[in-house]
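Visitor: take a look and give me a structure for this.
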Amino acid sequence: SLTGNQLVDPVNGVYVKSQLYLKSGTGSINIGSNITTTGSQLYDGPVIILRNSPTLSSTAGGAIVFGSTVNDTSDAANQLTVSTTFPGSATFSAAVGAVHPFYGVTLNGDTVFLNSQLSAKNWLNINAANLRLTSDSSITTQNGAITIYSSINNANGNYNLSINAGTATVSLNGPVGSDN
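Guide: Residues are numbered from 1 along each chain as shown. Got it, this is the predicted structure:
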């Protein structure tokens, strides 16, 4: 557990054999390398991806939770990959890529919880069994393909999902609204 303005940027990445909790204080959590845990990861504050297009992964069914916004350091400078294994989930409690969209985004795992905007420039792939909306949400690219291999449903309530790929294709490869 680390508190305060955090920079996670070792040369060979970070491996934690249990849970990782990062709290930003008044600044941001700056990530520039891969982070792998066997347990959960909690990012309690705004996250900025600095460099190296990191993969954030939980390998033993732990959740990855972003309690605030997640942004690239500048427009389309990095890719973002978030991966969990069953029964782990990835939760985005605020906008992803709203200030600075990522070059591309890949989300892998059992369940992705989306609470706001998810934005990338060139492509966006969701490879999860379930995509659950926890509020009205949008998935957008700047003329890049969007591919979703997930069932899409509301977590609780009646929420809307807007998907916009500009002139590119949108591929939905799972049922939509089949749970509620």
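Visitor: buried residues, stretch 119-128. List them.
Guide: Ser119, Ala120, Lys121, Asn122, Trp123, Leu124, Asn125, Ile126, Ala128 (16 or more other CB atoms under 10 Å). Using the backbone N, CA and C atoms, a C-beta is placed for each residue, glycine as well.
Visitor: then stretch 76-91?
Guide: Counting neighbours by 16+ other CB under 10 Å, stretch 76-91 gives 76-84, 88-91 as buried.
Visitor: which one of these is nearest to Ala60?
Guide: Nearest to Ala60 among the buried residues of stretch 76-91: Gly88, at 8.0 Å, using CB to CB.
Visitor: so the closest one makes contact with Val65?
Guide: No - taking contacts as CB atoms under 8 Å, Gly88 lies outside contact range of Val65: 10.3 Å.
Visitor: name the residues contacting each of these two.
Guide: Common neighbours of Gly88 and Val65 (criterion: CB atoms under 8 Å, 6 or more residues apart in numbering): Ser40.
Visitor: and the next helix or strand past the helix or strand encompassing Val65?
Guide: If you go by DSSP states H and E, Val65 is part of strand 64-66. Following strand 64-66 in sequence order, the next helix or strand is strand 70-72 (DSSP H and E).
Visitor: so what's Ile146 bridging to?
Guide: Leu124, Val170 (DSSP bridges).
Visitor: check contacts around it.
Guide: Per CB under 8 Å, 6+ apart, neighbours of Ile146: Trp123, Leu124, Asn125, Ile139, Ile163, Ala165, Ala168, Thr169, Val170, Ser171.
Visitor: same question for Gly144.
Guide: Each residue near Gly144 by CB under 8 Å, 6+ apart is listed here: Gly104, Ala120, Lys121, Asn122, Trp123, Leu124, Ala165, Gly166, Ala168.
Visitor: in JSON lines: those residues, plus pLDDT and secondary structure.
Guide: Shown next, in JSON lines, are those (pLDDT from 0 to 100; DSSP: H, G, I helix; E, B strand; the rest coil):
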{"residue": "Gly104", "pLDDT": "97", "secondary structure": "strand"}
{"residue": "Ala120", "pLDDT": "97", "secondary structure": "strand"}
{"residue": "Lys121", "pLDDT": "97", "secondary structure": "strand"}
{"residue": "Asn122", "pLDDT": "97", "secondary structure": "strand"}
{"residue": "Trp123", "pLDDT": "96", "secondary structure": "strand"}
{"residue": "Leu124", "pLDDT": "97", "secondary structure": "strand"}
{"residue": "Ala165", "pLDDT": "98", "secondary structure": "coil"}
{"residue": "Gly166", "pLDDT": "96", "secondary structure": "coil"}
{"residue": "Ala168", "pLDDT": "97", "secondary structure": "coil"}
